[in-house]
Structure formats: structure tokens, C-alpha cells
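Asks: sharing a sequence plus its predicted fold:
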Amino acid sequence: MFDRRPDFFREELPPGRQVEAKVKWFNASKGFGFVTMADGSQDAFLPMAILRRAGFEDVREGASITCEVSAGAKGPLVTNVLNIDSSTAVAPGAEHRPTRPATAMEGAVKWFEAEKGYGFISPDGKKGLEADRISLI
């Protein structure tokens, strides 16, 4: 009925510059993610199609990646994946939160739910502040 070549939808991408990067995040169900360049330049978009063409179905946050990057329509675009080193990746299910300096304060616990892992305190009559951890001494 329809005569399609196997690569009918494949877009030929220009060769890019080879870079070292880390996977910032990748969501296989969304079909894309981003990598952070080792040289500090702008993050590059990583489409699922490019990952699959290199033989991968998924890649974890923090994995080291050697790839080629070109200018895309909306910014840097990964055009070819050369190598992925998953030994630097974040363990699956591990929470990755930025660390913040601790602040000591006195106040009253407004409410806390251990199952949710957070609560609110009212320090010295001010509005409640969200806290990741509440340590009672």
C-alpha cells in the first residue's frame, strides 16, 4: 500500500563538535533530556532518537557521556552519542536535593508528618516556614 524506506523519517544531522558532558536529566517516557557540558557552556538537548541510534534506551542522571553537539533550532543539540559511562550516574531511586546551610531558630512546631518527610515551624511568631528536617533538642 505505502512504499516507505526504512530511514524515511530520519533527519540527516550535520556532524557536531565532540564534547564531554554529564546527563542532567533524562525521561524515557517523555523521550528527551538534557546534558551539562564539561566546559560550562549551555546545556544541550538530548532526544530519545539520538540515544536509540547509539543503541541505548535510557540513561541515568549523572552518567558521563561523550557526544557530538551541533546548533539546534532552540540551542545546542546532541546529534550523536559516542559513549556512556554509567559508573558516575546517580543510583536509581536516590533523592538528589541541593544542600542548604542549616539555620538555627527557636519556635513552635506547627505540624509535622513523618510519612511526608516535612512539616512547618512558627519561629517567634513569624509566618510558618517549610522545613525538610525538624530536629528537636
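Replies: Done, it's in.

Asks: so what's the residue lying closest to R17 once chain neighbours are set aside up against?
Replies: Nearest non-adjacent residue to R17, counting by C-beta to C-beta, 6 or more residues apart in numbering: V69, 6.0 Å away. No exception for glycine: its C-beta is placed from N, CA and C like everyone else's. When contacts are counted by C-beta atoms under 8 Å, 6 or more residues apart in numbering, V69 touches 16-17, 19, 21, 37, 44, 76-79.

Asks: quick check: buried residues in the helix or strand harbouring V69?
Replies: Taking DSSP states H and E as the definition, V69 sits inside strand 64-72. The neighbour-count criterion (16 or more other C-beta atoms under 10 Å) identifies 64-65, 67-69 as the buried residues of strand 64-72.

Asks: circling back to that earlier point, so what pLDDT did the residue nearest to R17 get?
Replies: pLDDT, V69: 95.

Asks: follow-up on the earlier one: save the contacts of V69 as TSV, and put in secondary structure too.
Replies: Compiled in TSV, the contacts of V69 are given as follows (DSSP: H, G, I helix; E, B strand; the rest coil):
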residue	secondary structure
G16	coil
R17	strand
V19	strand
A21	strand
M37	strand
A44	strand
P76	strand
L77	strand
V78	strand
T79	strand
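
Asks: which of the residues you listed are buried? Put it as a PyMOL command.
Replies: Here is the PyMOL command that selects the buried residues among these (16+ other C-beta under 10 Å):
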select buried, resi 16+19+21+37+44+76+77+78+79
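
Asks: and of the contacts of V69, the nearest to G31?
Replies: Nearest to G31 among the contacts of V69 is V78, at 13.2 Å by C-beta to C-beta.
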